[in-house]
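Novice: for reference, the sequence and a predicted model appear below.
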Amino acid sequence: MKLTKRLTLTTAALAATAFLGTTAGNAATADAAPKPVKAPAAIQVPDGNKLTGVYPARGVQTYTCTDGAWKLLEPAATLSDRRGRTVALHSRGPVWVSTVDGSAVNATAIANSPKTGTIPELLLQATATRGTGVFGGVSYIQRVNTTGGVAPATACTGTDQVSVAYTATYAFYKPVK
């Protein structure tokens, strides 16, 4: 039941995102010359890496009840290009998978910058990549411009789950060659 509920919530979130204006299609793998993102000092990408893609995201942060408190279970989000076309899916891992070329990147958070009333901005370091496309060779990811996604402040019971809408901008970096 728990898995079924999570899959239903995730599917509903992705369907809602698609309904709100993001559409799958033959989007370019990356927009030309992405504009730099503003990020707090705590989540700056180390020297020797260059920005290769910036994508707005819309989705949910799903929380599960663990010992009477909400704990993050997984994100489910759709990343779009400048024209609003879906270019990637973001899910538990965390992992980002290109819907254009199949490339993927897994990462782990190494720094954060808290923001009042929203999920924190993050610096993530890649732990694995797949393919040679847009996410092949990614070294770092920044999650900035976050809104929403915060776990409920209320207590929980049993195996309750809740999905909370959020938006963010994800910036991807690769080593300078």
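Specialist: Perfect, thanks for sending it.

Novice: burial count for the nearest residue to residue 63 once chain neighbours are set aside?
Specialist: Using Cβ to Cβ, 6 or more residues apart in numbering and skipping residues adjacent in sequence, the residue nearest residue 63 is residue 70, 4.2 Å away. Placement of C-beta: from N, CA and C, glycine included. Close neighbours of residue 70, defined as other Cβ atoms under 10 Å, add up to 21.

Novice: would you map the strands across the chain?
Specialist: Secondary structure of the chain (DSSP state E): strands at 49-66, 69-80, 86-91, 95-98, 104-115, 118-130, 140-148, 161-175.

Novice: so which of those comes closest to residue 155?
Specialist: Comparison of those against residue 155 by Cβ to Cβ identifies strand 69-80 as nearest, at 7.3 Å.

Novice: packing partners for the closest one?
Specialist: Packing partners of strand 69-80 (3 or more Cβ pairs under 8 Å, 6 or more residues apart in numbering; DSSP states H and E): helix 2-19, strand 49-66, strand 86-91, strand 161-175.

Novice: how far off strand 49-66 does that strand point, in degrees?
Specialist: Counting by axes from the mean of the first three to the mean of the last three Cα atoms, to 10 degrees, strand 69-80 lies at 140 degrees to strand 49-66.

Novice: can you mark which positions in strand 69-80 are buried?
Specialist: Residues of strand 69-80 classed as buried by neighbour count (16 or more other Cβ atoms under 10 Å): 70, 73-80.

Novice: now swap in stretch 46-61 and tell me
Specialist: Applying a neighbour-count criterion of 16+ other Cβ under 10 Å, one finds 51-61 buried in stretch 46-61.

Novice: format the strands of the chain as a markdown table; extra columns: distance to residue 34.
Specialist: Supplementary listing: the strands of the chain in a markdown table, determined by distance: least, Cβ to Cβ, whole Å:
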| stretch | distance to residue 34 |
| --- | --- |
| strand 49-66 | 4 |
| strand 69-80 | 13 |
| strand 86-91 | 12 |
| strand 95-98 | 15 |
| strand 104-115 | 16 |
| strand 118-130 | 17 |
| strand 140-148 | 12 |
| strand 161-175 | 8 |
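
Novice: take those strands and write them to JSON lines, including mean pLDDT and distance to residue 41.
Specialist: Formatted as JSON lines, the strands of the chain follow (pLDDT from 0 to 100; distance: least, Cβ to Cβ, whole Å):
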{"stretch": "strand 49-66", "mean pLDDT": "97", "distance to residue 41": "16"}
{"stretch": "strand 69-80", "mean pLDDT": "97", "distance to residue 41": "24"}
{"stretch": "strand 86-91", "mean pLDDT": "98", "distance to residue 41": "25"}
{"stretch": "strand 95-98", "mean pLDDT": "98", "distance to residue 41": "24"}
{"stretch": "strand 104-115", "mean pLDDT": "98", "distance to residue 41": "8"}
{"stretch": "strand 118-130", "mean pLDDT": "98", "distance to residue 41": "11"}
{"stretch": "strand 140-148", "mean pLDDT": "98", "distance to residue 41": "12"}
{"stretch": "strand 161-175", "mean pLDDT": "98", "distance to residue 41": "15"}
